[in-house]
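Asks: What shape does this take:
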Amino acid sequence: MFTVAALYKFTVFPDPAALRGPLLAACETTGVRGTLLLAREGINGTIAGDRGGIDTALTHIRRLPGCADIEWKESTATEMPFGRMKVRLKREIVTMGEPDVDPMAGTGHYVEPPEWNELISAPDVVVIDTRNDYEVAIGTFNGAVDPGTKSFREFPAWWRENAQRFGNKRVAMFCTGGIRCEKSTNFLLNEGVSEVYHLKGGILKYLEDVPAAHSLWNGECFVFDQRVSVGHGLRQGHYSLCHACRRPLSPADLSHPDYEEGACCPACVDEYSDAQRERFRERQRQVNLAEKRGDQHIGGRHHSD
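Replies: Residues are numbered from 1 along each chain as shown. A predicted model of the protein is given here:
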């Protein structure tokens, strides 16, 4: 059994490049795998390993500037959900493309999972899912507005085009682990929305803390690792991944005539050229060969946000 730790922290890293090497080494030496993003605004990512390896990695991360109080969410996986360990340098730890957005300057009101149902059931509250369209498609909260965005970068434009729809209602927003809401709530405050709320710890914390019998969540929650989705209690869900377009696939999708393992699915069958599709097939052949040898093809199953 592997421990999976999802984490983020907005803080100031004057020289994130100097942090990369030691952080990578701290993870690799204990067998931890996953993806961590470093930027001047902080750290974000998900890692997996045995208990000792995760504890060692988290100890190192807590020693980074401003990270002593970092919070993380843990779940488990029966198989290692990542192919390798990567630490990447980025402009933003979650890309919104709005230079004036600064979560460290202020965010919406945090709402603990046990209080979330009452808030989003209030008639004067609009609930907005800040995730991408393929994530929303497999699960969301009752009555939530789906912006239909393909990337988080599209959210500001969507809001500016649709803000008038919501009048003077209070706005409650949610995302997978909470990081996108740190930026989206700051963005709405800058846009003049007076009352903004967001689910503390995101969907993952809600699914961990709120029993299914009392839940307003429908479906499963997409996660950016080989588990693909999780449900209540953070148990692994029923979705797999299209390794061509990286969208989640239901069991029914796997039986669809447009599904070809590693090459296409019903959602992307018309999205790639013949040459691209042949490259996908070759990659899948290499994945299959690696699995027959008992190895893991690192390019075949990894996906990150």
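
Asks: so where do the helices sit in the stretch 201-305 of the chain?
Replies: If you assign secondary structure with DSSP state H, counting those that start in this stretch, the helices in the stretch 201-305 of the chain sit at 202-209, 274-292.

Asks: Buried residues, the last one. List them.
Replies: Same thing as helix 274-292. Residues of helix 274-292 classed as buried: R277, F280, R281, R283, Q284, V287 (neighbour count, 16 or more other CB atoms under 10 Å). Every residue, glycine included, has its C-beta placed from N, CA and C.

Asks: if I look at the closest residue in space to L23 that isn't next to it in sequence, how far off is T95?
Replies: Computed as CB to CB, 6 or more residues apart in numbering, the closest residue to L23 that is not its neighbour in sequence is V87, at 5.3 Å. Separation of V87 from T95 (CB to CB, to the nearest Å): 17 Å.

Asks: what does F187 give?
Replies: Using CB to CB, we find F187 at a distance of 13 Å from T95.

Asks: next one: R84
Replies: R84 sits 22 Å away from T95, going by CB to CB.

Asks: quick one: which of those two has more around it?
Replies: Using other CB atoms under 10 Å, the more surrounded residue of R84 and T95 is T95, with 16 against 12.

Asks: All the strands of the stretch 1-150 of the chain, residue numbers only.
Replies: Listed in chain order, the strands of the stretch 1-150 of the chain (DSSP state E, counting those that start in this stretch) span 2-10, 33-39, 42-49, 72-77, 85-89, 109-111, 125-129, 139-141.

Asks: For the following helix or strand past the last one, buried residues please.
Replies: Spelled out, that is strand 139-141. As assigned by DSSP states H and E, the chain's next helix or strand after strand 139-141 is helix 155-162. Applying a neighbour-count criterion of 16+ other CB under 10 Å, one finds F155, P156, W159 buried in helix 155-162.

Asks: I'd say the first one and S184 touch.
Replies: Yes. With contact defined as CB atoms under 8 Å, F155 and S184 form a contacting pair (6.1 Å).

Asks: any common contacting residues for the two?
Replies: Common contacts of F155 and S184, defined by CB atoms under 8 Å, 6 or more residues apart in numbering, comprise M96, T130.

Asks: Point out where the stretch 101-250 of the chain drops to low pLDDT.
Replies: Along the stretch 101-250 of the chain, no part satisfies pLDDT under 70.

Asks: Who are the contact partners of the closest residue to P103 other than its chain neighbours?
Replies: Nearest residue to P103, sequence neighbours excluded (CB to CB, 6+ apart): E182, at 4.0 Å. Applying CB under 8 Å, 6+ apart, we find E182 in contact with Y8, F10, V94, P103, T107, H198.

Asks: mind checking how far A105 is from N190?
Replies: A105 is 9 Å from N190, by CB to CB.

Asks: got it, and G108?
Replies: 12 Å.

Asks: Of the buried residues of helix 274-292, which pair is most distant in space?
Replies: Spatially, the most separated pair among the buried residues of helix 274-292 is R277 and V287, at 15.4 Å (CB to CB).

Asks: Neighbours of the residue nearest to G237 when sequence neighbours are not counted, how many?
Replies: Excluding the flanking residues, the one nearest G237 by CB to CB, 6+ apart is S229, at 3.3 Å. If you count neighbours by other CB under 10 Å, S229 ends up with 21.

Asks: And for the one 4 residues further on?
Replies: Using other CB under 10 Å, the number of residues around G233 comes to 12.

Asks: Then N168?
Replies: Other residues within reach of N168, judged by other CB under 10 Å, total 8.

Asks: shift numbering so it begins at 856
Replies: I'll keep to 856 as the first residue from here, and by that count the last item is N1023.
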